[in-house]
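J.: For reference, the sequence and a predicted model appear below.
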Amino acid sequence: MPTELEELRARITVLEDREQIRRLIQDYRRTLDERDLRAYSELFAENGTWAGSIGEASGPAAILTMMQEHLEDNPPAPGRTLFHLNTDPVIDVDGERATAYTFWVHVVRGEGDTPLLPTLGYYNDVLTKESGRWLFLRREALRHIPLSSKS
């Protein structure tokens, strides 16, 4: 039977894992918006998969290639810069695996420097811990608006 100290250590580990996963989700947003696609692709496990409206790819190298083929540069101000806004994710940790659900919104710089919200949806994630680091094992981007099976 676990001692009170062992139970406390286990609870702290889960909290630390959740915080590392939150950081991973924000690193995903930041590297994508900055178009640092190499760093972006390295947020995925060796057999990690990204799936969305532009297709599906597995492994960091294939994800990098797919993103390079489909994403244009993100123009700086005063251009139509696109930003991803992620809400606080719901994260469930089970040892070296976790799942997360994160609501996202695209924010685009519009005419007169006003923000536009053209797309919103959610990510369904399966995460894994490799060499002590949390990575995406599967990230599926789905849309609510405009309605689509994938984003």
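T.: That came through fine. Keep in mind that what you see is a predicted model, and the values were worked out from it rather than measured.

J.: ranges for the helices of the protein?
T.: Listed from the start of the chain, the chain has helices (DSSP state H) covering 4-34, 37-41, 60-70.

J.: So which of those is nearest P118?
T.: helix 4-34 (14.9 Å; Cβ to Cβ). Bear in mind the C-beta positions are built from the backbone N, C-alpha and C, glycine included.

J.: Please work out how many residues are found near the nearest residue to R22 once chain neighbours are set aside.
T.: Excluding its sequence neighbours, the residue lying closest to R22 (Cβ to Cβ, 6 or more residues apart in numbering) is P89, at 6.5 Å. Residues near P89, counting by other Cβ atoms under 10 Å, number 20.

J.: now P89: how far from Y101?
T.: 6 Å (Cβ to Cβ, to the nearest Å).

J.: what do you get for R22?
T.: For R22, the distance to Y101 equals 13 Å [Cβ to Cβ].

J.: shared neighbours of these two, anything?
T.: By Cβ atoms under 8 Å, 6 or more residues apart in numbering, R22 and Y101 have these common neighbours: P89.

J.: of those two, who's got more company?
T.: R22 (17 against 13).

J.: Find residues that contact each of P89 and Y101.
T.: Taking Cβ under 8 Å, 6+ apart as the criterion, P89 and Y101 both touch 123, 125.

J.: still on that earlier bit, phi, psi of the residue nearest to R22?
T.: Backbone torsions for P89, taken as degrees, to the nearest 10, come to phi -70, psi 150.

J.: And the pLDDT at it?
T.: What the model reports as pLDDT for P89 is 96.

J.: Identify the residues contacting it.
T.: Neighbour list for P89: 21-22, 25, 100-102, 123, 125 [criterion: Cβ under 8 Å, 6+ apart].
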